[in-house]
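Asker: Any chance you could fold what I've pasted below:
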Amino acid sequence: IIQSEENTMQKQVIFEIAKIREMSFFKTARAALLSVFPFVLIGSFAKVATVALLAPDSFLSGIFGMELSQRFNSLCNGIYAMTGGLSGLLAAHYSAGYTAQFLRQNYKTAATTGFIAYLALCFQQAGQSHGFVFAYRLLGVQGILAGIMFGYVVGKLFLLSGEFWSKVEGREGADQQLPGSFRMLLPLFLALAFAIILNFAGSCLFKNGISQSQEMKAATSSFPSILWLGLLTSVGTWCGLFGPYTSSSFFDEASATKNLNYALAHHGDLTGVPYKLTTYSTYFTYAQLAGLGLLLALMFVSKRRNRWLLCWWCLIPVFFGYDSALNIGTPVLLNPLFLIPYVFVPQLNMVVVSAFYKLGILLPSVYPVWGGTPPVLRALIATNGSFAAFFVSLALVMMDAFIYCFFVKNAERAGELMNRLKGGQVDEK
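Answerer: Numbers count the residues shown, from 1 in each chain. Predicted structure coming up:
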């Protein structure tokens, strides 16, 4: 009886999730993410090649002392800028097009309008000069949710063009389609006006929010604050946005710099550093192991051939710490079934590591690592070769994979039940 009640409850929860996933916004979001995925995957490989292999301060250069062609490095930078670096813009393009298509409107014009209007939203003036730049965070992976939401609104605006386009779309005469083209002017104008208003409003909010975030990161050295900012970063990444630690570097944190100065002044002694619990020694070196745990869980548990293929394609980027393609292809982004592990597994890693620091089992991560260093090797290098830190990293990856296995199984069961519910093979109750 208890088993039957649990199955009924699980079935009801999954049915409610299925209803949410069938809402127009989430249908549009899924379609847009699938369309953006190939560009993010190619961009991930280009980013790995640039940051981990080709840059002068890259992982490969640091380990082997190799300096490869700077022209090839620039080429890979350009490939990333044109693929993954434009994923937010592409999300706005596809989201506007799919929304209009679902509404039987002119999806081609809607997609182009979403593309142009989102560029207007990302427009920024370049300081005191007369040039201009675009907000790179909104254009890239960190702006995917913003692009989807903006494109969804733009697609909805094309309802104002009425049903005329769906009636004349198949006609070949230019004179017959010209009135429909004129009716596209109203949603186009409204989309651009909406983008300009958001641009002015967002410039002040983002400027103040980023400055306050930088101040918090620089000022805080308390572990609860580090956990809180890490939580905000995980939630923001799950939403397709960014958080306080998304673009942070080693020298953003005063306590990490003080630890490094102490280690250099005391001939590499790490046991007496003033701050053992820092963002660098907890979040950067251990929390980001969760992406590799998700990859292993998908490879061990998933029975779907498409997810196996996804894992093999994403293996190299995830190993070097770039898991955007895996998050989009699984999908993890905007997927309530993966919200809990994606947000709390990195926090669990930090809590475990903080306990090891308190017990004196681990040396704190003090030394900066090369760009593109794989997460599983960061603690080893940041402690100047502590194998205890390396084995703890491996153990955390296994723990993360074990936790993710439970959620991957549930996600696959949910997918099967959703398909059966759509086919009418399972009663909603």
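Asker: Give the residue spans of the stretch 251-400 of the chain that score low on pLDDT.
Answerer: 251 (pLDDT under 70).
Asker: Would you map the helices across it?
Answerer: 254-265, 279, 290-301, 305-319, 324-329, 339-359, 375-382, 387-422 (DSSP state H, counting those that start in this stretch).
Asker: any idea how far the nearest residue to residue 314 once chain neighbours are set aside lies from residue 258?
Answerer: Take residue 314 and drop its neighbours on the chain: the residue closest to it by C-beta to C-beta, 6 or more residues apart in numbering is residue 326, 4.2 Å away. Glycine gets a C-beta too; all of them are placed from N, C-alpha and C. For residue 326, the distance to residue 258 (C-beta to C-beta, to the nearest Å) stands at 35 Å.
Asker: Could you do residue 373 as well?
Answerer: For residue 373, the distance to residue 258 - C-beta to C-beta - is 22 Å.
Asker: Which of these two has more residues huddled nearby?
Answerer: Remark: of residue 373 and residue 258, residue 373 carries more neighbours, 22 against 16, as counted by other C-beta atoms under 10 Å.
Asker: Can you verify my assumption that the more buried one contacts residue 52?
Answerer: Yes: look at residue 373 against residue 52 with C-beta atoms under 8 Å: they come within range, at 7.4 Å.
Asker: For these two, list the residues in contact with both.
Answerer: Residues touching both residue 373 and residue 52 (C-beta atoms under 8 Å, 6 or more residues apart in numbering) are 59, 320.
Asker: Would you mind measuring from residue 226 to residue 381?
Answerer: To residue 381, residue 226 is 21 Å away according to C-beta to C-beta.
Asker: Give me the more crowded residue out of these two.
Answerer: Using other C-beta under 10 Å, the more surrounded residue of residue 226 and residue 381 is residue 226, with 27 against 22.
Asker: What is the burial count for the spatially closest residue to that one that is not a sequence neighbour?
Answerer: Excluding its sequence neighbours, the residue lying closest to residue 226 (C-beta to C-beta, 6+ apart) is residue 279, at 5.4 Å. If you count neighbours by other C-beta under 10 Å, residue 279 ends up with 26.
Asker: repeat for residue 116
Answerer: Counted with other C-beta under 10 Å, residue 116 comes out at 19.
Asker: What residues does it make contact with?
Answerer: Contacts of residue 116 (C-beta under 8 Å, 6+ apart): residue 192.
Asker: for residue 83, same thing?
Answerer: So residue 83 contacts 39, 40, 42, 43, 46 (C-beta under 8 Å, 6+ apart).
Asker: Without its sequence neighbours, what residue ends up closest to it?
Answerer: Nearest one to residue 83, counting by C-beta to C-beta, 6+ apart, is residue 43 at 3.8 Å.
Asker: residues making contact with the helix or strand harbouring that neighbour?
Answerer: Under the criterion of DSSP states H and E, residue 43 resides in helix 24-48. For helix 24-48, the external contacting residues (C-beta under 8 Å, 6+ apart) are 20-21, 76-77, 79-80, 83-87, 90-91, 94-95, 98-99, 102, 141, 144, 147-148, 151-152, 155, 313-314, 316-317, 320, 322, 324-325, 328-329, 331, 333-334, 372.
Asker: who's in contact with stretch 359-371?
Answerer: Residues contacting stretch 359-371 (C-beta under 8 Å, 6+ apart): 51-52, 55, 57-59, 61-63, 250, 256, 259-260, 262-263, 270-271, 273, 275-278, 280-281, 284-285, 353, 356-357, 377-379, 381-384, 386, 388-389, 392.
Asker: what's the answer for stretch 227-239, then?
Answerer: Counting by C-beta under 8 Å, 6+ apart, 145, 213, 216-217, 220, 242-246, 279, 282-283, 287, 327, 332-334, 338-339, 342-344, 346-347, 350-351 sit against stretch 227-239.
Asker: can you rerun that using 6 Å?
Answerer: Outside stretch 227-239, the residues that touch it by C-beta atoms under 6 Å, 6 or more residues apart in numbering are 145, 242, 243, 244, 245, 283, 287, 342, 343, 346, 347.
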